[in-house]
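[1] Compute the structure for the input listed below.
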Amino acid sequence: MRILVVEDEHRIANSIKKGLELENYAVDVAYTGNEGFDLASTEDYDLILLDLLLPEMDGITLCTNLRKNKIHTPVLILTAKGQIQDKVTGLDSGADDYLTKPFSFEELLARVRALSRRPKTALAEILNVGDLQLNTRLYHTTRGAKQIRLTKKEFSLLEYLMRNAGKILKKDQIVTHVWDYDADILPNTVEVYIKNLRNKIDVPFKNPLIHTVRGFGYKIGGI
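    Predicted coordinates for the structure are as follows:
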């Protein structure tokens, strides 16, 4: 799951980014409204965490403009403005939820999970492809009766493949959803991680699940 944090307070933004990355999310950060709008308009995110008091473009304007441009990425507003009218204005601008500062990180995570479970995002907590199961809440992966230990990035890659089971995913799609915008990605990074995944979830078993579609990309499941 890829999240955009739009927050002008660097300490808060970087703290949120670090915490979310520890929970296996890929996170980009924008420190101004214009930068946040540009990223949200051109990149594919699963969720936007949005401060209201931003330089260049305030959060309400940013959210309103996204909705005007038919960008329906879920938006969770994070702000110190906690009056009822502030919340009403934020939600009426197109936001999906509202969290008042200061907040606990545990509550933020709960809100993130709740938004990811909404039907329009279709993000199930338990994914299955054949006898392979991935629990995104517990970070637990099994195939058959065997538990499989994955690194955080391997887990994120497998989650993205399984959420798109049967679909051919190009390398640039995988990079966009699994790695941060500023990540240092080498040309063979995806191939290396796919090979590592195969060694763990395919090689020890009879039937391979990850397939290379030459000239196009990769997919999991099917033939």
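[2] What lies in contact with stretch 206-223?
    129-130, 132, 158, 161-162, 164-171, 173-174, 190, 194, 197-198, 201-202 (C-beta atoms under 8 Å, 6 or more residues apart in numbering). Backbone N, C-alpha and C define where each C-beta goes, glycine included.
[3] Now do the strands in this protein.
    2-6, 26-30, 47-50, 75-79, 97-100, 126-129, 132-135, 140-143, 146-148, 210-213, 217-220 (DSSP state E).
[4] Let me have those in TSV, extended by distance to S116.
    TSV is the format used below for these (distance: least, C-beta to C-beta, whole Å):
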stretch	distance to S116
strand 2-6	10
strand 26-30	13
strand 47-50	7
strand 75-79	11
strand 97-100	11
strand 126-129	13
strand 132-135	14
strand 140-143	17
strand 146-148	23
strand 210-213	24
strand 217-220	20
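[5] and these, which is most packed in?
    strand 47-50 (a mean of 27; mean count of other C-beta atoms under 10 Å).
[6] and the lowest-mean-pLDDT helix or strand in the chain, what does it pack onto?
    None of the helices or strands of the chain scores lower by mean pLDDT, DSSP states H and E than helix 84-92, at a mean of 79. Under the contact definition 3 or more C-beta pairs under 8 Å, 6 or more residues apart in numbering; DSSP states H and E, helix 84-92 sits against helix 59-68, strand 75-79, strand 97-100.
[7] relative orientation of that helix and strand 75-79 in degrees?
    150 degrees (axes from the mean of the first three to the mean of the last three C-alpha atoms, to 10 degrees).
[8] buried residues in helix 84-92?
    Residues of helix 84-92 classed as buried: D86, K87, T89, G90 (neighbour count, 16 or more other C-beta atoms under 10 Å).
[9] Can you pick out the most distant pair from these?
    K87 and T89 (7.3 Å; C-beta to C-beta).
[10] before we move on, the earlier item: would JSON lines of the helices and strands packed on helix 84-92 with mean pLDDT and distance to S15 be doable?
    Shown next, in JSON lines, are these (pLDDT from 0 to 100; distance: least, C-beta to C-beta, whole Å):
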{"stretch": "helix 59-68", "mean pLDDT": "93", "distance to S15": "18"}
{"stretch": "strand 75-79", "mean pLDDT": "91", "distance to S15": "12"}
{"stretch": "strand 97-100", "mean pLDDT": "90", "distance to S15": "14"}
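[11] Tell me which of these lies nearest to I16.
    Closest among these, using C-beta to C-beta: strand 75-79, at 8.0 Å.
[12] contact partners of that closest one?
    With C-beta under 8 Å, 6+ apart, strand 75-79 has contacts from 7, 47-53, 59, 63, 66, 86, 90, 94-101, 103, 108, 111-112, 115.
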